[in-house]
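Student: no sequence on hand, only this structure:
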């Protein structure tokens with residue numbers, strides 16, 4: 001198992017440490033453990049409906065999501081370092097399933113669905 005898959009599985013198992021979730025268009029930005037800045041996006045090729053990929057990016061050069069988004073919006077890409085992992089590059093079903101699960105978690109957090117589900121589960 002590659003390090004990135006292992007790290008993403010850890011993020012999934014400790015999803016309570018995923019915070020500061022902000023969705024911009026189709027990309028979801030988030031912090032993990034109040035320290036690490038990430039984003040994930042699901043991409044589908046409009047020419048090939050069977051093509052569905054996930055892109056997971058790690059960012060440095062900003063301390064908060066808002067600062068990162070401000071830099072990206074102002075086209076200050078030189079002040080932001082990033083590395084991106086894609087399911088098409090990793091080429092395993094494990095990578096696809098793991099990235100898909102992380103994407104679902106951050107999407108739910110961006111909409112507040114995780115809290116709604118917790119409240120529903122807590123109803124006796």
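Tutor: Thanks, I have it. Treat the numbers as computed from the prediction; the structure is a model and nothing was measured.
Student: secondary structure element for residue 19?
Tutor: strand 18-24 (DSSP states H and E).
Student: do residue 59 as well
Tutor: Residue 59 belongs to strand 52-60, assigned by DSSP H and E.
Student: need the residues that contact that strand.
Tutor: Outside strand 52-60, the residues that touch it by C-beta atoms under 8 Å, 6 or more residues apart in numbering are 4, 8, 36-44, 68, 80-88, 96, 99-100, 102-103. Any C-beta I mention is one placed from the backbone N, CA and C, and that applies to glycine too.
Student: now intersect the residues you listed with the strands, please.
Tutor: 36-44, 81-86 (DSSP state E).
Student: could you check how many residues crowd around the residue lying closest to residue 113 once chain neighbours are set aside?
Tutor: In space, residue 113 comes closest to residue 107 once its chain neighbours are excluded; the distance is 7.9 Å by C-beta to C-beta, 6 or more residues apart in numbering. Residue 107: 17 surrounding residues under other C-beta atoms under 10 Å.
Student: look up how far residue 32 lies from residue 107.
Tutor: For residue 107, the distance to residue 32 (C-beta to C-beta, to the nearest Å) stands at 15 Å.
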